[in-house]
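Novice: Sequence and predicted structure are below.
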Amino acid sequence: MTTSAPESSRIKPSWIETFKVYLEAPTIRMLLLGFSAGLPLLLVLGTLSFRLREAGIDRTTIGYLSWVGLAYAFKWVWAPLVDRLPIPLLTHLMGRRRSWLLLSQCVIAAGLAGMAFNDPRLALQPVVWCALLVAFGSATQDIALDAFRIESAGTERQAALAAAYQTGYRLAMIWAGAGVLWIAARAEVIVPANVTTTYQQGAWATAYLVMAGSMLLGALTVLFSPEPTHRELPPARNMTEWLKSALIDPFADFLRRYRWQAGLILGLIAIYRISDVVMGIMANPFYVDMGYTKDEVAAVTKVFGVVMTLVGAFIGGVLSMRFGVMRVLMLGAVLSAASNLLFAWLGSRGHDLTGLIFVISADNLSSGIASAAFIAYLSSLTNINYSATQYALFSSMMLLLPKWLAGFSGQYVDHFGYSHFFTATAMLGVPVLLLVWLASRVHKA
């Protein structure tokens, strides 16, 4: 179990010791594995939508295809299998966590290659099936990787590992967002003047094959990483006992350890990121309606914004180690809600590139700080015997309610406007502050 002594009773590390954590082997491994985790997401969501629209696929269909991302919200369903089920031969050779990581990475690479070789103009269904394969492999990788991270270090190192993971994740999103578009653009060939379509299957095939090859970084990291130490559980005598240990015990263990506080903790998990998630759905339509060009949005939000998130993740990891996770969790909740008010201010200024840079800086910095602390907090809640299953449940719960509520965001903007919407999303963060304060009482107990 990854619980530890109350934060107030620990000896604070020096600043030098705090920063040296980022040079340790487990932290560097988590940076590389974070890249492997972040690569598939945009390739089956944002980047894929760009590709399909360029291929002439209608927006309604593209909207339905975004449901591919639900694989990430329901990964807790098969997390018990990843937590307990060995892979024939591979688990014997590599260990439980590394074998599942390598298998899922191979599935992702195969799915991306399939998306490369299938032309959505000729047949959309094969592209969709390959995207589902990538999403399923990616969600499975997340399950195994979260368990790998939690089991690779004690609670005092989890904030640093979370920050390194986020850094790799965000770098991969730059590569899978701006990078894939850059590759596709440079792989295009000159077409005759009478050809009206801008879509070139060969260019997209090249870009997606490069992305599939980029998964090799994660695979090599897994091959050269040690299997984390975990407690061996007694073998099940029959299928009923195995199902109980794999499906029921992880959830029963959490309820048994936290009892009545479990509801409070789960409530905090369910709404901690609600301000960011609900607001984020309307961010891109807001940029368009304010008159920002594609180049401006790409440069400020996809590159500069991601860099600011990395800075925030680093700061969040350092502050969590120095001052404790719960204090930084509260800071992240305050900043995340407050940064939404800046979007309301930006909406009153029209096309203001300097204002956009300022708002994106503040918003992404806040998001990075909050995410680093939140991941460390979730990690501290897990029992190492059920780390994959319990963390998958937590990380799925944090998306379900916000994603559902975000579906109504467009209707809200149509009725009340952007400024009112951004202010309302900031107000959604007020209950989060109360729950963080209450959870901090439980954390110290």
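Specialist: Received the coordinates, thanks. Just so we're clear, the structure is a prediction, and the values are computed from it rather than from any experiment.

Novice: Could you use CA atoms for every contact and neighbour count after this?
Specialist: Will do.

Novice: List the residues that contact H351.
Specialist: By C-alpha atoms under 8 Å, 6 or more residues apart in numbering, the contact list for H351 reads M290, G291, Y292.

Novice: Using the three-state scheme, assign it.
Specialist: Three-state call for H351 (DSSP: H, G, I helix; E, B strand; the rest coil): coil.

Novice: Endpoint to endpoint, stretch 344-355 covers what distance?
Specialist: Using C-alpha to C-alpha, to the nearest Å, one end of stretch 344-355 lies 12 Å from the other.

Novice: Mind listing what's buried along it?
Specialist: Neighbour counts over stretch 344-355 (16 or more other C-alpha atoms under 10 Å) mark A344, W345, L346, G347, H351, G355 as buried.

Novice: ok, these vs A203, which is closest?
Specialist: H351 (33.1 Å; C-alpha to C-alpha).

Novice: Ramachandran coordinates for the closest one?
Specialist: The phi/psi pair for H351 (degrees, to the nearest 10) reads phi -80, psi 100.

Novice: what does L103 give?
Specialist: phi -60, psi -50.

Novice: picking up where we left off before, among the contacts of H351, name the ones in strands.
Specialist: Among those, none falls in strands (DSSP state E).

Novice: Of those - the most surrounded one?
Specialist: Y292 (18 neighbours; other C-alpha atoms under 10 Å).

Novice: Nearest spatial neighbour of that one, chain-adjacent residues omitted?
Specialist: Once flanking residues are discounted, Y292 sits nearest to H351: 6.4 Å by C-alpha to C-alpha, 6 or more residues apart in numbering.

Novice: L319 now?
Specialist: Excluding the flanking residues, the one nearest L319 by C-alpha to C-alpha, 6+ apart is V328, at 6.7 Å.

Novice: Quick check: I269 touching M398?
Specialist: Yes. Between I269 and M398 there is a contact at 5.3 Å, judged by C-alpha atoms under 8 Å.

Novice: related to what we said a few turns ago, roughly how far apart are the residue nearest to L319 and G291?
Specialist: 36 Å.

Novice: Dump the contacts of H351 to a markdown table, plus distance to A135 and pLDDT.
Specialist: Compiled in a markdown table, the contacts of H351 are given as follows (distance: C-alpha to C-alpha, whole Å; pLDDT from 0 to 100):
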| residue | distance to A135 | pLDDT |
| --- | --- | --- |
| M290 | 33 | 80 |
| G291 | 33 | 75 |
| Y292 | 31 | 74 |
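
Novice: F50: which of the residues you listed is nearest?
Specialist: Distance to F50 across those (C-alpha to C-alpha) is lowest for Y292, with 17.4 Å.

Novice: For D414, see how far away the closest one is.
Specialist: According to C-alpha to C-alpha, Y292 and D414 sit 20 Å apart.

Novice: do G305 as well
Specialist: As defined by C-alpha to C-alpha, G305 lies at a distance of 27 Å from D414.

Novice: Name the residue in those two with the higher neighbour count.
Specialist: Just comparing G305 and D414: by other C-alpha under 10 Å the higher neighbour count belongs to G305, 24 against 10.

Novice: so what's that one up against?
Specialist: I360, S361, N364.

Novice: need the helices for the stretch 251-400 of the chain, in chain order.
Specialist: For the stretch 251-400 of the chain, the helices defined by DSSP state H, counting those that start in this stretch cover 261-271, 274-281, 283-289, 294-297, 305-323, 325-347, 353-381, 387-406.

Novice: what about the closest residue to G213 other than its chain neighbours, which helix or strand?
Specialist: Nearest-residue entry for G213: A109, 7.1 Å, with adjacent residues in sequence omitted and distances by C-alpha to C-alpha, 6+ apart. Assigned by DSSP states H and E, A109 belongs to helix 96-117.

Novice: Can you pull out the low-pLDDT segments for the stretch 51-200 of the chain?
Specialist: Within the stretch 51-200 of the chain, the ranges that satisfy pLDDT under 70 run 59-60, 62-63, 66, 154-156, 191-197.

Novice: which residue sits closest to F286, ignoring its sequence neighbours?
Specialist: Leaving out its chain neighbours, F286 is closest to Y418 (C-alpha to C-alpha, 6+ apart), at 7.5 Å.

Novice: is it true that the one you found touches L342?
Specialist: No. Counting by C-alpha under 8 Å, Y418 stays clear of L342, with 11.6 Å between them.

Novice: Report how many residues lie close to A212.
Specialist: What A212 shows, counting by other C-alpha under 10 Å, is a neighbour count of 23.

Novice: Could I get the contacting residues of it?
Specialist: By C-alpha under 8 Å, 6+ apart, the contact set of A212 is I108, A109, A110, L112, A113.

Novice: cutoff 10 Å now
Specialist: Taking C-alpha atoms under 10 Å, 6 or more residues apart in numbering, we find A212 in contact with 39-40, 105-106, 108-116, 206.

Novice: And for G179?
Specialist: A172, M173, A185, A207, V210, M211.

Novice: Could you do S104 as well?
Specialist: S104 touches 98, 110, 133-134, 136-144, 219, counting by C-alpha under 10 Å, 6+ apart.

Novice: ok, the residues you listed vs F50, which is closest?
Specialist: Of all the contacts of S104, F50 sits closest to V134, with 17.2 Å by C-alpha to C-alpha.

Novice: picking up where we left off before, show me the two of the contacts of S104 that sit farthest apart.
Specialist: Greatest spacing in the contacts of S104, by C-alpha to C-alpha: R98 and L133 (19.8 Å).
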